[in-house]
Structures are given as structure tokens and as C-alpha cells.
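Novice: Make a model of this:
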Amino acid sequence: MADLLKAETVAEFRAKGATVLRGVFDDWMEVLRAGVDYNLEHPAPNARDYRTEEGGRFLSDYCNWDRIPQYRDFIENAPAAQIGSELMGSRTVRLFHEHVIVKTPKTGMPTPWHQDLPYYCLDATQTVSIWIPMDAVPRERTLEFVAGSHLWGKYFRPQRFDGTALNENDGLEALPDIDGNRDAYDIIGWALEPGDAVAFDYRTVHGAPRTIRPRRSGGRSHCGWWGMTPPLRGARGSPPRRLSKV
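Specialist: Numbers count the residues shown, from 1 in each chain. Here you go, the predicted structure:
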């Protein structure tokens with residue numbers, strides 16, 4: 001099978017921990033939008049569905065591919081698995097989960113800086129999340145990444161959106177004040193159109209500002225074959241599900 005990605009795209013992902021993928025899912029937008037619309041009307045029991053007094057809504061929902069046909073179709077037939085294989089350099093790709101986030105105007109809720117891996121019930125050196133916006137995202141409102149942070153050799157303490165620790169006394173280091181010292185970091189991000197995507201390593205520090213226009217996005221998380229362990233006893237994280245070979 002011919003490679004889908006250019007060598008420089010793969011090199012940027014491995015060096016910086018994130019890269020942009022232009023137009024790779026153009027043919028899948030209507031399928032994904034239909035799935036997200038259904039998901040909004042029928043969130044899972046463990047979904048996080050926040051409403052604000054101003055009328056904003058923030059929905060975060062996981063692991064619905066086995067009940068929403070459009071998600072299953074995308075997972076089984078879109079080129080995401082091959083993209084993940086090329087970025088990770090892994091001969092095997094396993095689906096960790098799909099994750100849908102919908103932010104409406106007046107949400108007033110930024111996505112704080114964080115790494116994904118400390119939230120997850122695994123440890124791995126070959127990982128990729130593919131963030132797929134359903135709507136256009138300008139540069140000033142896009143997901144941002146601290147380039148190279150996946151190579152720092154650190155796991156930072158996961159926290160809730162209100163800034164409290166997800167797991168007290170977990171022994172992990174608190175994140176540095178990135179927003180207060182932006183000039184000290186190489187912060188990267190891209191304006192995106194529907195059909196574009198951003199791929200990033202689970203260990204890459206990333207975050208997003210408040211939303212002033214509707215934004216629907218989906219993420220698909222993959223891991224390679226290299227090393228997985230169970231979560232710390234009693235620790236909270238993303239909803240665990242079986243890993244699916246793709």
C-alpha cells in the first residue's frame with residue numbers, strides 16, 4: 001500500500017509531537033457530522049455534558065463507536081489507521097477510543113494545558129491522537145501544542161477543568177505556567193478547515209482557548225504495539241474499553 005503522508009509530515013510529528021494533515025478526511029465530513037448530531041441527541045451515560053447559565057453547552061463523550069454506525073464506518077473504512085501507522089512507524093495499530101467534543105458559543109470554557117497520556121489506562125511510546133474538526137477553526141481559536149514536549153520525559157498531573165487534581169497525591173509534577181510564559185515555549189497550531197486534521201502524540205502538552213463560535217470535533221486515539229500497562233490502582237482516567245486492532 002502506498003504511503004499517504006509525506007516524509008516531512010512524519011518527521012514533524014516525531015520531532016515536534018504534532019503535525020497538520022490537510023484535506024485527509026474531506027470525503028468523511030458528512031458521515032462524521034451525522035454521527036456527532038446523533039451523539040448530541042443521545043449522549044452515553046458516562047458523557048460529561050456541561051451547561052452554562054448563558055446557554056452554552058460543552059459535551060465530552062467517549063467510546064460510542066459500537067453504538068453509532070457513522071463512527072464505526074469511519075473507524076473501519078477511513079484512512080485514519082494507515083495515517084496512524086505511518087506516523088508512529090508501527091506495523092500494528094490499535095484503537096484506544098474515539099472522543100467527541102462539542103463546544104457551543106457562550107461556553108466560556110477553555111481546554112486547559114495538559115497531556116493525554118496521564119489520563120489514560122496505558123503507557124506506550126508509540127501513540128497518536130487525530131483531532132478532526134467538523135467546523136472551520138481560525139488560528140486564534142485552534143488547539144495549540146508545546147512543540148517537543150513529548151520528549152521531555154515527564155508526565156504531568158492530570159486535572160479537571162476547574163483546575164483541581166484528578167487524582168490526589170498521584171506523585172506527578174504540576175504543569176508549568178505556559179500561558180504566563182508563552183515566549184519561553186515553541187507553541188504551534190494551525191487554522192483548520194473541515195476535512196483537515198491534526199495528529200499529536202499522547203505525551204504532547206496541548207490546550208485550547210474559550211469558544212466564541214460553535215465547534216464540533218472528534219478525536220481518534222491510536223497506539224502502536226510497543227508497550228502498554230494497566231492504570232494505577234484506584235486512579236481515575238478516561239473510560240477504559242477494550243483495545244481494538246485496526
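Novice: For Phe13, the count of nearby residues, please.
Specialist: Counted with other C-beta atoms under 10 Å, the neighbours of Phe13 add up to 26. Glycine gets a C-beta too; all of them are placed from N, C-alpha and C.
Novice: all helices for this protein, in order.
Specialist: Applying DSSP state H to the chain gives helices spanning 7-16, 29-41, 69-77, 80-88.
Novice: distance between the second one and the chain's centre?
Specialist: Between the centre of helix 29-41 and the centre of its chain there are 17 Å (C-alpha atoms, centre = their mean, to the nearest Å).
Novice: Which helix or strand in the protein has the lowest average pLDDT?
Specialist: Ranking every helix and strand in the chain by mean pLDDT, DSSP states H and E puts strand 244-245 at the bottom, with a mean of 46.
Novice: can you pull the pLDDT of the spatially closest residue to Arg157 that is not a sequence neighbour?
Specialist: Spatially, and ignoring its direct neighbours in sequence, Arg157 is nearest to Leu172 (4.1 Å; C-beta to C-beta, 6 or more residues apart in numbering). Looking at Leu172, its pLDDT stands at 85.
Novice: For Leu172, grab the count of nearby residues.
Specialist: 16.
Novice: swap in Leu4?
Specialist: Residues lying near Leu4 (other C-beta under 10 Å) number 13.
Novice: got a list of what it touches?
Specialist: Contact analysis of Leu4 by C-beta atoms under 8 Å, 6 or more residues apart in numbering lists Val24, Pro79, Gln82, Ile83, Glu86.
Novice: how much space between the residue nearest to the last one when sequence neighbours are not counted and Val31?
Specialist: If the residues on either side of it in the chain are set aside, Glu86 comes closest to Leu5, at 5.0 Å by C-beta to C-beta, 6+ apart. In this structure, Leu5 and Val31 are separated by 22 Å, where distance is defined by C-beta to C-beta, to the nearest Å.
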